[in-house]
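Student: Only the shape, not the letters, is given here:
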């Protein structure tokens, strides 16, 4: 955030965010909730209105994850029109920054293009078409499309045609699913059979779901992107001990630990694994196995998975 503010000051572009770091981060004990976090995201949007700023943000994010020991990352971003670039230029800026970063970083990075639930159908169709275009021109970067945003806005069925179009073109799909209790929509999402779902809080009956949708998840074994700190800090879950991770883990649902947004939620992937071990009593062998198996659920091509597994085994056997 400070780097971006410095960029705007040096370039002479007005910085209208008027925000401090403590306003940008939703850390432990912060009174804000899930609805408030979408207002925080608007600060990040205001600081990435130019191709240069977006490139800086992308490069810094990749570097932070590599410094944390990550060897693979799937960045996510929703294309936007700004006074300085259109949606296509927005995606181009991220793709170019990722390609340039590959020249000096060891982390393998891929891009998932996001659709915000508050978008109208024409914009959804535009973003889906752009995702397909970039998947065809940059298959080594763009690998998937996701539906995310405020779970209380929009209806899933409105997005299905554009998601189907992307799926038919070869893009993988992940859906933010079950962030709030809405069994009807959750069932539609699970029956859509995305390659992954995010959060999956309100699926088990204990967490606001029901037996029907819980049985579907258990039958389909759709991998879940688990975001411990994000769920706690947004008050979606009271605390780490109350998190639904253990229910998913005990049911044998494939799990991938994620940060959601490491800057906003003041965390890192290392911290997520630490919380997982300390809270749920998993030992080193168990979290190592979970991390290794997560490689099977990435959206990159098969050869990338084999490279990552080789790196992983080399690290573990050191």
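Tutor: Received the coordinates, thanks. In this text the structure is predicted, and so the values were computed from the model without any measurement.

Student: just the strands in the stretch 1-150 of the chain please.
Tutor: Taking DSSP state E, counting those that start in this stretch as the test, the strands found in the stretch 1-150 of the chain are 72-77, 108-116, 142-148.

Student: would you turn those into CSV with mean pLDDT and mean neighbour count?
Tutor: No exception for glycine: its C-beta is placed from N, CA and C like everyone else's. Below are these laid out as CSV (pLDDT from 0 to 100; neighbours: other CB atoms under 10 Å):
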stretch, mean pLDDT, mean neighbour count
strand 72-77, 97, 20
strand 108-116, 98, 23
strand 142-148, 98, 26
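
Student: CSV for these, including distance to residue 163?
Tutor: As requested, the strands of the stretch 1-150 of the chain are exported to CSV (distance: least, CB to CB, whole Å):
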stretch, distance to residue 163
strand 72-77, 15
strand 108-116, 8
strand 142-148, 7
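
Student: Tell me which of those strands approaches residue 175 most closely.
Tutor: Of all these, strand 142-148 sits nearest to residue 175, with 4.9 Å by CB to CB.

Student: From the contact counts, what lies against the closest one?
Tutor: The elements that strand 142-148 packs onto, with contact taken as 3 or more CB pairs under 8 Å, 6 or more residues apart in numbering; DSSP states H and E, are strand 72-77, strand 108-116, helix 121-137, helix 160-169, strand 172-177.

Student: Need the pLDDT of residue 191.
Tutor: The confidence metric pLDDT takes the value 98 at residue 191.

Student: roughly how far out does the helix or strand harbouring it sit from the chain middle?
Tutor: Residue 191 is part of helix 183-192 when elements are defined by DSSP states H and E. The chain centroid and the centroid of helix 183-192 are separated by 20 Å under CA atoms, centre = their mean, to the nearest Å.

Student: still on that earlier bit, now the helices and strands packed on strand 142-148 in CSV, with distance to residue 207?
Tutor: Supplementary listing: the helices and strands packed on strand 142-148 in CSV, determined by distance: least, CB to CB, whole Å:
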stretch, distance to residue 207
strand 72-77, 24
strand 108-116, 25
helix 121-137, 29
helix 160-169, 25
strand 172-177, 13
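
Student: so residue 173 touches residue 146, yeah?
Tutor: Yes: with contact defined as CB atoms under 8 Å, residue 173 counts as touching residue 146 (7.1 Å).

Student: what residue ranges in the stretch 201-318 of the chain score low on pLDDT?
Tutor: Counting by pLDDT under 70, the stretch 201-318 of the chain contains low-confidence ranges at 263.

Student: Kindly recompute the last result at 80.
Tutor: Low-confidence segments of the stretch 201-318 of the chain, defined by pLDDT under 80, span residues 261-266, 318.

Student: all helices of it, in order?
Tutor: Taking DSSP state H, counting those that start in this stretch as the criterion, the stretch 201-318 of the chain contains helices spanning 211-220, 228-233, 245-250, 269-280, 284-294, 302-316.

Student: Buried residues of the third one, list them for me.
Tutor: By that I understand helix 245-250. Residues of helix 245-250 classed as buried: 245, 247, 248, 249 (neighbour count, 16 or more other CB atoms under 10 Å).

Student: mind putting those residues in TSV, distance to residue 237 included?
Tutor: As requested, the buried residues of helix 245-250 are arranged in TSV below (distance: CB to CB, whole Å):
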residue	distance to residue 237
245	9
247	12
248	13
249	15
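
Student: tell me which of those is nearest to residue 112?
Tutor: Comparing the buried residues of helix 245-250 against residue 112 with CB to CB places residue 248 closest, at 21.3 Å.

Student: give me every residue that touches the closest one.
Tutor: With contact set as CB atoms under 8 Å, 6 or more residues apart in numbering, residue 248 has these partners: 200, 204, 224, 226, 255.
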